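[1] got a structure for you, letters missing:
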């Protein structure tokens, strides 16, 4: 199968388009013919070696979390799916070692949901990682409808998705700089995380998707009655299903900066490495 491959860590030009054996689906897996995938900051972190430093066992490596396409083959324990189904899927890479920047990927059915023909593959491919992360963060706040929620970067990829989903869950989206909010989601880290924490009323709720920047003490204090929650992407149907429903309803529209062919993945990574981009770079595997 055709795939975008890296055989060492490095800059964006480390990618090459090559051929690898097509995977065989396990009993609980679906073989998906991928029509579109998208590029995320975590992919750039892996590619550069900042996340997986110098482990040769992972090469040749296919990156990519997000995918949309059609079911090509089914394992015997994948009830509810059929050959040709249009689907949206997520593969937590590098943890699974199954990347989506390829012609095919074999993924557990528990990480796949169906999408109708009214949802484009390119739109669906822009959603799984950022959408499931944003939804998981909002759900982790465990706040009632009507609660005010601050997102400390509502224009970034995950932040913009969270800002879109928050009203769908019944939350009131707080304006930047608001104080005494019921809950806050940190998508930036460092000082921005502390500012978001400080904006919450005592006894409120706080979640972060960048826990590596937590600083002990300071505003992160138990005396305020706020227990910080670290968000780990759940990567399952429970979070993908509502995202697919919102796509169908037209109330969730991912911000796509550009759609590029798969063989331009190096250029997509070069642009991702350049500050100032907030939209998703989607890779079209067919055209």
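    Yep, that arrived. Being a predicted model, the structure only gives us computed values, none of them experimental.
[2] Please enumerate the helices of the stretch 101-250 of the chain.
    With helices called from DSSP state H, counting those that start in this stretch, the stretch 101-250 of the chain shows them at 121-125, 128-141, 157-168, 190-198, 237-249.
[3] Would you mind getting the angle between the longest one and helix 237-249?
    Using axes from the mean of the first three to the mean of the last three CA atoms, to 10 degrees, one finds that helix 128-141 and helix 237-249 are set 110 degrees apart in direction.
[4] can you check the third one too?
    Interaxial angle, helix 157-168 versus helix 237-249 (the same axes, to 10 degrees): 80 degrees.
[5] And the residue nearest the centre of the protein?
    residue 129 (1.4 Å; CA atoms, centre = their mean).
[6] re the thing from before, so which of the helices of the stretch 101-250 of the chain comes closest to residue 227?
    helix 128-141 (10.4 Å; CB to CB). Backbone N, C-alpha and C define where each C-beta goes, glycine included.
[7] list the helices and strands that closest one packs on?
    strand 66-74, strand 86-90, helix 157-168, strand 181-186, strand 200-208, helix 237-249 (3 or more CB pairs under 8 Å, 6 or more residues apart in numbering; DSSP states H and E).
[8] try 6 Å
    The contact analysis (3 or more CB pairs under 6 Å, 6 or more residues apart in numbering; DSSP states H and E) places helix 128-141 against helix 157-168, strand 200-208, helix 237-249.
[9] next helix or strand past the longest one?
    Same thing as helix 237-249. Sequence-wise, the next helix or strand downstream of helix 237-249 (DSSP states H and E) is strand 256-261.
[10] Tell me which residues are up against the helix or strand following that next one.
    Using DSSP H and E, the next helix or strand after strand 256-261 towards the C-terminus is helix 265-272. If you take CB atoms under 6 Å, 6 or more residues apart in numbering as the criterion, helix 265-272 is touched by 4, 12, 13, 15, 39, 44, 260, 281.
[11] And residue 13, how far from residue 170?
    46 Å (CB to CB, to the nearest Å).
[12] now the helices of the stretch 101-250 of the chain in TSV, with distance to residue 272 and mean pLDDT?
    Below are those laid out as TSV (distance: least, CB to CB, whole Å; pLDDT from 0 to 100):
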stretch	distance to residue 272	mean pLDDT
helix 121-125	15	98
helix 128-141	13	96
helix 157-168	10	94
helix 190-198	20	87
helix 237-249	22	96
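[13] Looking at those, which is nearest to residue 111?
    That would be helix 237-249 among the helices of the stretch 101-250 of the chain, by CB to CB, at 7.2 Å.
[14] mind checking how far that closest one is from the chain centre?
    14 Å (CA atoms, centre = their mean, to the nearest Å).
[15] Then stretch 145-155?
    19 Å.
[16] before we move on, what about stretch 3-20?
    The answer for stretch 3-20 is 21 Å, by CA atoms, centre = their mean.
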